[in-house]
Every structure is written in structure tokens, then in C-alpha cells.
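# test case, fold it:
(4 chains)
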Number of protein chains: 2
Amino acid sequence: MDVENAPSRLRALPTWLVAQAAIRGQRIVAEVLTEQDSHRSEYALLAGLDEFGPQSQTELSERSGLDRSDIVRWVDDLVARKLARRSQDPQDRRRNVITLTALGRRRLGTLDRAVSTAQQRLTRGLSGVERQQLVALLGRLIEGTDHAG
Amino acid sequence: MDVENAPSRLRALPTWLVAQAAIRGQRIVAEVLTEQDSHRSEYALLAGLDEFGPQSQTELSERSGLDRSDIVRWVDDLVARKLARRSQDPQDRRRNVITLTALGRRRLGTLDRAVSTAQQRLTRGLSGVERQQLVALLGRLIEGTDHAG
DNA sequence: CCTAATAGTAGGTAGCACCAATAATAGCTA
DNA sequence: TAGCTATTATTGGTGCTACCTACTATTAGG
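Predicted coordinates for the structure are as follows:
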């Protein structure tokens, strides 16, 4: 679809623009990560584990924006690939503590580069400054809708 | 999810931000349009018909960003609600010409107001100027990824 | 006239966000 | 300490959306 042909009503809507941008972003990210035999949910989990250290699946969920029930299945995958370990918390035996492995950390580096090229492709119509502006604006927009939608 | 808790890697990614913003936007729009017993695809089609006049389903598809096969079903719905008419083009009997009815035009006005409140809710963390900036930046971003994603 | 392209349509598929129910465990409080 | 409530992980879903394929009818072009 060519945006120029879209009804001006839609082109003026933040909700529509952001939806269209998301479609393109998801497609591009899926492309580059599939080449690495990976997935954006895995990248999000690895990033969370790297930044915040070993943590429970619920914490992982709150930080990644993924549902708890989906986290279970993605962690299954990470463990199967030996990118993370899952062990029971002895202090609270309900909790699993997920820990990034050395392999997982190396993997994250590889995915960082892939994800970075995806950002370039999505934002190639923008200058560096504009891209920063966009990131700032979207960050504030999301914060403003965190609670009570 | 609280964005502040998200890994900084993700918070810096246009693709991630735009995906999160889209989730919130879709949710808000769905809410206000469901109250009107409508749907964003219907709004998009009505908007396209209003701005560009009677046209084929393929044209409608190119302008709304919806798939041809989905258009069929949404037009079915519009026709059932008497918001649009579907008639065969006598010049090219393969084509259907979709025409907005008076009822459809009135309906569009109602939905305009609902959709507008949704925009306010999504962007309430931004000033008016910032919202304009965001719209401009997203418009350019989408244009830049129209072809060859 | 034959072939290729196009419009509409039917019937899917895969991925994603999200939900409900359950079992195990922890913590609170009467 | 017994009983109630909350929390964690997990299973098995659901509905929505974007997208795809195959088919028919029709048109346009060589």
C-alpha cells in the first residue's frame, strides 16, 4: 500500500499511523531474526535477563510486555537451546529463577546486530535526529497509556 | 506493563516502541468503536469512500491497507447495514462499484467523533505540537518503507 | 481467437495478545 | 496451628489480524 493514497482522515490518525508502522516494523524484525533462527520474543527475554540478571518468569513478564503464559513457552525454548537455565528458587519454591548462560549472552550480541539493522531499515526515511525524536515521543506516549489504557 | 521497567535495549528500539504503541492504540480504538457497534476496518472503508467517491474493491484495498479478500467481507457488512451499496460496473463487469449511502455518510460523522476521542486517549501524554510532530514523523517513516519493506 | 491479466470471492493459515482454570506454595491472621 | 488468601508457573485454550492460495468471471492485448 502507498500511504500517499490513503484517505487523509486515516493519515492524520496517530492510531492508524502507529498501526501501519508496527506492521512494517514487525515484518522487518521477523525477517532479520528469522535469518538468525530467532524471534523477537526471545530477543526481548534475553535483553531482560542481560540487563536485570536472574529473575522469575513473572518479573520477566512485567518487563518484556509478554504474557506470563507465553513466557513459559519462550523460556522452554531458551532452555532447550541452552541460552538460559531454569531453576527453582530455594527461598520460594513456587518461583523459577531464569539465568542467562554464557552462550545466551553471546547470542544476544549477535541478535543485537541483526535487530539494529532492522531499525535502520524501518527508519531509513528519517534523519538521526528525527529518529531520536520519534523514540522520545513514542516513549512518552506509551508511558502515558501504561495504566487505565 | 510499565515501560520504565522495560530493558533499555527495548526502550531504544523504534520497532519495539511502535509495536507497543500500536497495541495500546488498537485497544483504545476497538473500545470506542465497539461502543458504536463498529470496527476500525469499517471506519477505514467509509473514510475512503467519502474522500474518493464510488470505487472498486481493489481501489478500496489499495487505499485502506486492507487485503482484497478482507475487503469483500467488510463490504458485505457495510451493505447489510445499508451504509454502502455494491453494484456491478456496466463498463467492466468484473468490477463492483461501492458507493457510500447517505446513512453511511451520517454514520461516518458519528465514528469520526468516537475515533477522535480515541486519539486523545492514546496521545494524552503529548502536547499538541508533539502530537503533530509524531504524526509527521510516522507519516515519513511509513512512506519510507512503502516499497521493498 | 487465444492468452494473459485483472476483479471478486471462498476458504483457509500463522502469529499474536490475551484469558481462564489449576496445582503448588507462601504468607497472613484468627 | 488451622484456615484463608495471594502468588507462581503452567496448560489449554480464544479471538483477532494480516496474509495467502485457488478459483471463476471477465476484460484486454497480441
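
# can you tell me the element the most centrally placed residue in chain A falls in?
Per CA atoms, centre = their mean, the C-alpha nearest to the average position across chain A is that of residue A:44, at 4.2 Å. Assigned by DSSP states H and E, residue A:44 belongs to helix A:40-52.

# anything in stretch A:68-83 sitting right up against chain B?
No - if you take CB under 8 Å from any CB of the partner chain as the test, stretch A:68-83 misses chain B, and the best it gets is 11.4 Å. The way it works is simple: take the backbone N, C-alpha and C, and place the C-beta from them, glycine included.

# and stretch A:125-144, which residues are buried?
Under the neighbour-count criterion of 16 or more other CB atoms under 10 Å in any protein chain shown, stretch A:125-144 has A:125-126, A:130-131, A:133-135, A:137-142, A:144 buried.

# can you list the helices and strands that the next helix or strand after the helix holding residue A:44 packs against?
Proceeding N to C from helix A:40-52, the next assigned helix or strand is helix A:57-64, under DSSP H and E. Helices and strands in packing contact with helix A:57-64 are listed as helix A:40-52, helix A:68-80, strand A:96-100; criterion 3 or more CB pairs under 8 Å, 6 or more residues apart in numbering or on different chains; DSSP states H and E.

# deepest-packed of those, please.
Highest mean neighbour count among the helices and strands packed on helix A:57-64 (mean count of other CB atoms under 10 Å in any protein chain shown): helix A:40-52, with a mean of 22.

# ok, and what's touching it?
Helix A:40-52 is touched from outside by A:26, A:29-30, A:33, A:55, A:59-60, A:63-66, A:70-71, A:74-75, A:77-78, A:83-84, A:98-100, A:104-105, A:107-108, A:111, A:115, B:6-10, B:15-16, with contacts defined as CB atoms under 8 Å, 6 or more residues apart in numbering or on different chains.

# ok so, going back, so which of the buried residues of stretch A:125-144 belong to helices?
When DSSP state H is applied, those are split such that A:130, A:131, A:133, A:134, A:135, A:137, A:138, A:139, A:140, A:141, A:142, A:144 fall in helices.

# is it true that residue A:25 lies in a helix?
Yes - the secondary structure assignment for residue A:25 places it in a helix, going by DSSP: H, G, I helix; E, B strand; the rest coil.

# residues touching it, list them.
Neighbouring residues of residue A:25 by CB under 8 Å, 6+ apart: A:118, A:122, B:14, B:15, B:18, B:19.

# most neighbours among the residues you listed, which one?
Neighbour counts for the contacts of residue A:25 were taken using other CB atoms under 10 Å in any protein chain shown; the highest belongs to residue B:18, with 30 neighbours.

# the contacts of helix A:40-52: which ones sit near DNA strand C?
The subset of those within reach of DNA strand C, by CB under 7 Å from any atom of the strand, is A:26, A:30, A:65, A:66, A:70.

# so can I have TSV of these showing pLDDT?
TSV is the format used below for these (pLDDT from 0 to 100):
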residue	pLDDT
A:26	97
A:30	97
A:65	94
A:66	96
A:70	98
